[in-house]
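Student: Fold the following and give me the result.
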Amino acid sequence: MTRRKLVAAALFFTAFGALAYMPPLVLLFRLDIRVLGVPIETVYVFVLWIALVAGARWFSRVLPDDRPPPGKLPENFPGAGP
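Tutor: Got it, this is the predicted structure:
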């Protein structure tokens, strides 16, 4: 994947995560079902949270670093001096 596509995917992933926690989507799972004794709404929230953490970790590994190469730092850049 190109850097541009990865940045767009990261933005979509963030927007999806924010929308997935909004009450209309969470309320879709307002059923009288339990998974190992835990209400399905709670399972939804924690599974979504785990998926978002795993996705953020993946994006942090895949996205390239934005820092300029070591020899091309501007003079007023923090840490550029001797």
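
Student: Determine which residue lies closest to the centroid of the chain.
Tutor: Ala56 (3.7 Å; C-alpha atoms, centre = their mean).

Student: Quick check: closest non-adjacent residue to that one.
Tutor: Spatial nearest neighbour of Ala56, chain neighbours left out: Phe13 (7.9 Å); criterion: C-beta to C-beta, 6 or more residues apart in numbering. C-beta here means a position set from N, CA and C on the backbone, and glycine is covered the same way.

Student: State the phi and psi torsions of that neighbour.
Tutor: phi -60, psi -40 (degrees, to the nearest 10).

Student: Same question for Tyr21.
Tutor: phi -90, psi 0.

Student: pretty sure it is touching Leu48, no?
Tutor: Yes. The criterion here is C-beta atoms under 8 Å, and Tyr21 meets it with Leu48 at 7.0 Å.

Student: Let me know the average pLDDT across stretch 14-25.
Tutor: The average pLDDT for stretch 14-25 rounds to 86.

Student: ok, now stretch 48-65?
Tutor: Stretch 48-65 comes out at a mean pLDDT of 87.

Student: No more questions from me, cheers.
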